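# Have a look at this fold, sequence not included:
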């Protein structure tokens, strides 16, 4: 009974993940969602079922990284003064994200769950694509809905970008990278014809966001199909080029219209992202050990608080260098313990999310931690024994 309840609540969490922003959650924190309540219930049912079975997940290197990341977030909150008003809610969110990794990994080991998870993500992703297309189409006729968002720093102007059920187009683009990798896994249980439908829907959706996430999606796809030496060389070369492109887009204040992408212009004044990264780095140098505390924005854009828009820097500047080391240890442990041959869909997804993390702060995205859980579920048998 508890097992079935935990499975149902977890799958419901995944199904509603792209839609949570459409129904406001008026308590706790501005970034809290109703899906967080669902996941809390799923976690309680999951933990109760483990106690009933008398088993606990084996403590491994990835858990050590998680423990360091979460513990240092707590230390950071206790050490900073004045304490951020949203610090406690933010700390609770960090714990939830860590739980997403652990619960996802364990759920993937239960019979039938890999295909159930893959199909759930596939169905909700196709529906998200429909919402994105409808939102952009309506905006073309002057009808603005919550399904579209405004332009970002890179694309100033009246253009409406797809965001579907997310609070921002960039978040939708990041989700597309995750959903692509999750549905391309061999254990996702999606028939080949439906996989093409999902693939096409996600590609169309990420293009409609007109965000930097398009680059991450392209990298994830190139690694997914890097099945020959020539394709692997192409994927490596593409990764290098895209990292350079992301750096250029941060340093140089470029703009262009998606309708005329060849018309690239350099705007006067500093790049907003470069300003955010520079001021965040100054904050990190001033507070290298404890950061500014969870729930804060370490950078500045003119006189307004601003996130770093560079994931490693944002973590280090807000929580401190030890927290960043814990997060890096999580990724290194997953790579060290990965199954052989390497699951290209999963690690293409993580590479795409990593590239996206060079242009925004992805450490708070729920689907990123689900992706890490999927990678942990694909570990070697000897890693499990260790």
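The structure has been received and is ready for your questions. Quick caveat: nothing in here was measured; it's all calculated off a predicted structure.

# Show me the strands in the chain, by range?
Under the criterion DSSP state E, the chain contains strands at 148-149, 161-162, 254-257, 260-266, 299-301, 304-306.

# starting at the chain centroid, how far to the last one?
Okay, so that is strand 304-306. Between the mean C-alpha point of strand 304-306 and the mean C-alpha point of its chain there is a distance of 22 Å (C-alpha atoms, centre = their mean, to the nearest Å).

# quick one: contacts of that strand?
Counting by C-beta atoms under 8 Å, 6 or more residues apart in numbering, strand 304-306 makes contact with 272, 275-276, 279-280, 296-297, 299-300, all of which sit outside it. All C-beta atoms are positioned from the backbone trio N, CA, C, and that covers glycine.

# Of those residues, keep whichever come out buried.
272, 275-276, 279-280, 296-297, 299-300 (16 or more other C-beta atoms under 10 Å).

# Quick check: the two most widely separated of those?
Between all members of the buried ones among the contacts of strand 304-306, the longest pairwise span (C-beta to C-beta) is found for 272 and 296 and amounts to 18.7 Å.

# Any stretches of the chain with poor pLDDT?
Across the chain, residues meeting the criterion (pLDDT under 70) sit at 26, 28, 150-159, 254-265, 267, 269, 380-386.

# mind putting the contacts of strand 304-306 in a markdown table, distance to residue 371 included?
Conversion of those to a markdown table gives the following (distance: C-beta to C-beta, whole Å):
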| residue | distance to residue 371 |
| --- | --- |
| 272 | 28 |
| 275 | 30 |
| 276 | 25 |
| 279 | 29 |
| 280 | 24 |
| 296 | 26 |
| 297 | 25 |
| 299 | 26 |
| 300 | 31 |
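
# Select from those every entry located in helices.
Secondary-structure check on these using DSSP state H: residues within helices are 272, 275-276, 279-280.

# Put together a markdown table for those residues, with distance to residue 367 on each row.
Conversion of these to a markdown table gives the following (distance: C-beta to C-beta, whole Å):
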| residue | distance to residue 367 |
| --- | --- |
| 272 | 25 |
| 275 | 28 |
| 276 | 23 |
| 279 | 28 |
| 280 | 24 |
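
# got the buried residues for stretch 172-187?
Taking 16+ other C-beta under 10 Å as the basis for neighbour counts, the residues of stretch 172-187 that come out buried are 172-185, 187.

# quick one: which of the residues you listed is nearest to residue 213?
For these, the minimum distance to residue 213 (C-beta to C-beta) is 2.6 Å, reached by residue 173.

# from memory the closest one sits against residue 218, does it?
No: contact between residue 173 and residue 218 fails when scored by C-beta atoms under 8 Å: they sit 11.3 Å apart.

# what sits against the nearest residue to residue 184 once chain neighbours are set aside?
Of all residues not flanking residue 184 in the chain, residue 345 sits nearest, at 3.8 Å (C-beta to C-beta, 6 or more residues apart in numbering). Going by C-beta under 8 Å, 6+ apart, residue 345 touches 181-182, 184-186, 224.

# Confirm for me that residue 352 is in contact with residue 177.
Yes: taking contacts as C-beta under 8 Å, residue 352 lies within contact range of residue 177: 4.2 Å.

# who touches both of the two?
What both residue 352 and residue 177 touch, as defined by C-beta under 8 Å, 6+ apart, is the set 216-217, 220.

# Excluding chain neighbours, what is closest to residue 302?
Skipping the residues right next to it in sequence, residue 302 comes nearest to residue 275 by C-beta to C-beta, 6+ apart, at 7.9 Å.

# measure residue 340 to residue 105 for me?
18 Å (C-beta to C-beta, to the nearest Å).

# between those two, who's got more neighbours?
A side-by-side neighbour count of residue 340 and residue 105, using other C-beta atoms under 10 Å, places residue 105 first with 23 against 6.

# For the more buried one, give me its contacts.
When contacts are counted by C-beta under 8 Å, 6+ apart, residue 105 is found next to 57, 373-374, 376-377.

# let's see it at 10 Å
Residue 105 makes contact with 57, 60, 62-63, 334, 370, 372-379 under the criterion C-beta atoms under 10 Å, 6 or more residues apart in numbering.

# Residue 293 contacts residue 283, doesn't it?
No: using C-beta atoms under 10 Å as the test, residue 293 is too far from residue 283 to be in contact (11.1 Å).

# Find residues that contact each of the two.
With contacts taken as C-beta under 10 Å, 6+ apart, the residues that reach both residue 293 and residue 283 are residue 318.

# just to revisit the earlier point, out of the shared contacts of residue 352 and residue 177, which is nearest to residue 248?
Within the set of the shared contacts of residue 352 and residue 177, residue 216 lies nearest residue 248; the separation is 15.6 Å, counting by C-beta to C-beta.
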